[in-house]
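After the sequence you'll find the predicted model.
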Amino acid sequence: MTTDHDWLDHILSADDDYIADDGFTARVMSALPAPVALPKWRKPAVAALWGVAAVGLAVAAPGAMVDVGREAYRLLATVPVSIAGLATAMLAVVAATGAAAAYTLRGND
């Protein structure tokens, strides 16, 4: 059984590196605009901006980490811990792990 698409499949699956197109590709490539060159100052400017951002992050990070640590301690220290709560958390972790394993190992039928 042949279809209208067989000629294209035949040409594309052939071992030839060149597909005759009567100069179509050359005409399209010559009609494209020249690539836009980026200004020479752009790369150093982007590097300088990343440097400023890194310095700002290095200056702000210690204070932010202390604040996050204090808030985490405040939240966790006020939560009562019980055996039932720990068992429920462990059961949730086991269920999530089992669900993830079942999803990963499912068949692709």
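Everything's here; your move. What you see is a predicted model, and the numbers here were worked out from it, not measured in a lab.

Report the helix or strand with the lowest average pLDDT across the protein.
Across the helices and strands of the chain, mean confidence by mean pLDDT, DSSP states H and E is lowest for helix 6-13: a mean of 77.

Can you give me the buried ones in the helix or strand that it is followed by?
Per DSSP states H and E, the first helix or strand lying C-terminal to helix 6-13 is helix 24-31. Neighbour counts using 16 or more other CB atoms under 10 Å place no residue of helix 24-31 among the buried ones. Just so you know, the C-beta spots here come from the backbone N, C-alpha and C atoms, and that holds for glycine as well.

Just the C-alphas of helix 24-31, formatted as PDB.
Taking Å, rounded to 0.1, in the frame of the first residue of the first chain, the C-alpha atoms of helix 24-31 are listed here in PDB:
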ATOM      1  CA  PHE A  24      15.600  26.900  -3.100                       C
ATOM      2  CA  THR A  25      17.900  26.600   0.000                       C
ATOM      3  CA  ALA A  26      20.400  29.000  -1.500                       C
ATOM      4  CA  ARG A  27      17.700  31.600  -2.300                       C
ATOM      5  CA  VAL A  28      16.300  31.400   1.200                       C
ATOM      6  CA  MET A  29      19.700  31.700   2.900                       C
ATOM      7  CA  SER A  30      20.600  34.700   0.700                       C
ATOM      8  CA  ALA A  31      17.300  36.400   1.600                       C
END
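
Not counting it itself, show me its contacts.
Applying CB atoms under 8 Å, 6 or more residues apart in numbering, helix 24-31 has no contact partners.

Report all helices and strands that the following helix or strand past that helix contacts.
Using DSSP H and E, the helix or strand that follows helix 24-31 towards the C-terminus is helix 42-77. Helix 42-77 sits against no helix or strand, with contacts defined as 3 or more CB pairs under 8 Å, 6 or more residues apart in numbering; DSSP states H and E.

and Leu91, how far is that from Gly69?
The spacing between Leu91 and Gly69, counted by CB to CB, to the nearest Å, is 29 Å.
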